[in-house]
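Trainee: Just to be clear, the model below is a prediction. Sequence and coordinates:
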Amino acid sequence: MIERHPDNATSVVRATVVTPDRAAWDAFVAAHPDGHLLQSSRWGALKGRFGWKPHLRAVVAGETFQAGALALEKRRFGLSALYVPRGPLFSGDPSIDALLLDDLIRLGRRRRAVFVRIELNITEDDPRAATLHSFLIAHALQPTPPIQPRSTIHLDLTPEPERLLAGMSKGHRADIKRALREGVEVREGDPSADLDAFYAIMQATSGRAGFAIHSLAYYAAVLELFGDAVRLWLAEYRGAPVATAMTAVWGAMAIYLYSGSTAEGLQCGAQHAIQWRAPRSSSAARPIVRRLSLQKGIWRHHNPLPASIRSDRHAAAVRALATARHRVRTMEPDENLTLDEARRLIAYLQSELERQRALNAEMRRAVADMARAFQESLARSHQAAIDGDLERVRQIVIENRRVWQDWLRQIIEAAGRKQ
């Protein structure tokens, strides 16, 4: 069943944006060539237990899903951020994909999002990468550093184990053999009995390597929500657990979600033993992905309403106003500043703050308009250059010169009034 939103629906080639049924959505993600575990409804349910609000959006033509996205919302201080991990899942049709992207941006504005961030499950050498780059630039998105790990290792599991081992580096083969020689034993863990051992190793790894980990409740929720699709692994050395990992199966792919080792586990190569055992024991018949996928599409869309551009003078006025208010509250009777004088000071600072806010809004609008036009112009120039039409590139530059000058003049005038 599909829940429709006619008030938000936009018609493009008879397509509509809807909130899909979870089971139907997961089937679409599993069948999509760029589908990923982090776009599944169960991933949204997991994040929903720990401070995020999941939003499922899909473009439907007839009763068929064409494109879609799981967007995760994090709220704080009355604002929010919208994040699409390993998505959206585009169709390849510019009209359909634009409809989905516009819907996500409208969702961000309705939710007062500071930005909408998407991280496509596309590799840098994918034939679609350049086209998607131009498409996203044309829709006022800009590249930004990724949240998910940028690089990963893809291992094809179809060859025989001997060929897999032979294809590894000499050092990696030596580490695996060392672990076997040292007597490291790898077993599949029991989620109820071994979760504490898993978490203790993760804590030791976090303390040694200096990176953050999730709570014990979070890892328990992963095991609960994904059920048989997730496996817990433990490597034991001399009867004690020294390394661990959690893997998940998604379609024909197994994903190395989380892993860690104690100091003793590092010395005996226990994690290498898990990396050798877990892929071959996975129910996936083809690739295994260690961590997550390498990608090109790391983007952020800035909404103009909650823009975060502020001048130093604006911040100074805020601090001065807060200081004056605090002084009024804590004044002693023998202070030289009278209560009436303090109130007049607060009134002045409040008016100055409102003036700065108005000027900041004017500057934000001018900067946003200039940035949007520049990105659109860059996309058109990029396409003209790909087509080999250098004359068109030159014309675009000449056409926009006057526009750039006008916008710069507006920004300079607004900045001058702030002095």
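Mentor: That came through fine.
Trainee: Which parts of the stretch 1-150 of the chain are strands?
Mentor: 3-4, 15-19, 53-61, 64-76, 79-84, 113-119, 141-143 (DSSP state E, counting those that start in this stretch).
Trainee: actually the stretch 201-350 of the chain, not the one I wrote
Mentor: Using DSSP E, counting those that start in this stretch, strands in the stretch 201-350 of the chain cover 230-237, 240-250, 253-261, 287-290, 298-302.
Trainee: For residue 151, find the nearest of the ones you listed.
Mentor: With CB to CB as the measure, strand 287-290 is the member of these nearest residue 151 (10.0 Å). For glycine as for every other residue, the C-beta is placed from the backbone atoms N, C-alpha and C.
Trainee: sorry, back to before: now render the strands of the stretch 201-350 of the chain as JSON lines, adding distance to residue 374.
Mentor: Below are the strands of the stretch 201-350 of the chain laid out as JSON lines (distance: least, CB to CB, whole Å):
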{"stretch": "strand 230-237", "distance to residue 374": "45"}
{"stretch": "strand 240-250", "distance to residue 374": "39"}
{"stretch": "strand 253-261", "distance to residue 374": "38"}
{"stretch": "strand 287-290", "distance to residue 374": "37"}
{"stretch": "strand 298-302", "distance to residue 374": "13"}
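Trainee: now for the ones you listed, which one comes closest to residue 89?
Mentor: Of all those, strand 240-250 comes closest under CB to CB, at 13.3 Å.
Trainee: who does the closest one pair up with?
Mentor: strand 230-237 (antiparallel), strand 253-261 (antiparallel) (DSSP bridges).
Trainee: residues of the strand or helix carrying residue 192 that come out buried?
Mentor: Here residue 192 sits within helix 191-209, counting by DSSP states H and E. By neighbour count on 16 or more other CB atoms under 10 Å, the buried set for helix 191-209 is 191, 194, 195, 197, 198, 199, 201, 202, 204, 205.
Trainee: Just want to check the distance between residue 172 and residue 164.
Mentor: 11 Å (CB to CB, to the nearest Å).
Trainee: Near the closest residue in space to residue 258 that isn't next to it in sequence, how many other residues are there?
Mentor: For residue 258, ignoring the flanking residues on the chain, the nearest one in space by CB to CB, 6 or more residues apart in numbering is residue 246 at 4.6 Å. Here the count is done by other CB atoms under 10 Å, and residue 246 has 24 residues near it.
Trainee: so what's residue 246 bridging to?
Mentor: Beta-bridge partners, per DSSP bridges, of residue 246: residue 232, residue 258.
Trainee: Also residue 187?
Mentor: Here residue 187, judged by DSSP bridges, has bridge partners residue 234.
Trainee: please begin residue numbering at 17 from this point
Mentor: Let's use 17 as the start, then, which means that last one is residue 203.
Trainee: what does the model give it for pLDDT?
Mentor: Per-residue pLDDT puts residue 203 at 92.
Trainee: does it really touch residue 250, like I thought?
Mentor: Yes - with contacts defined as CB atoms under 8 Å, residue 203 counts as touching residue 250 at a distance of 5.8 Å.
Trainee: Neighbour count for those two, which is higher?
Mentor: The neighbour comparison of residue 203 against residue 250 (other CB under 10 Å) goes to residue 250, with 21 against 14.
Trainee: Contact partners for the more buried one?
Mentor: Contacts for residue 250 (CB atoms under 8 Å, 6 or more residues apart in numbering) come out as 202, 203, 205, 210, 213, 214, 257, 259, 260.
Trainee: 6 Å instead, please
Mentor: If you count contacts by CB atoms under 6 Å, 6 or more residues apart in numbering, residue 250 has them with 203, 205, 210, 257, 260.
Trainee: Once you drop chain neighbours, what's closest to the second one?
Mentor: Spatial nearest neighbour of residue 205, chain neighbours left out: residue 248 (3.6 Å); criterion: CB to CB, 6+ apart.
Trainee: Please identify the nearest residue in space to residue 104, excluding sequence neighbours.
Mentor: Here the residue nearest residue 104, using CB to CB, 6+ apart, is residue 85, at 3.6 Å.
Trainee: Number of residues surrounding the one you found?
Mentor: The number of residues near residue 85, taken as other CB under 10 Å, comes to 24.
Trainee: What's opposite it in the beta bridge?
Mentor: With DSSP bridges as the rule, residue 85 is bridged to residue 73.
Trainee: Tell me where the chain has helices.
Mentor: Taking DSSP state H to define them, one finds helices in the chain at 38-47, 57-64, 110-126, 145-154, 177-182, 186-197, 207-225, 232-242, 279-284, 286-297, 328-345, 355-402, 406-433.
Trainee: Give me the distance from the fifth one to the chain's centre.
Mentor: Translated: helix 177-182. Distance of helix 177-182 from its chain centroid, counting by CA atoms, centre = their mean, to the nearest Å, is 35 Å.
Trainee: That concludes my questions; thank you for your assistance.
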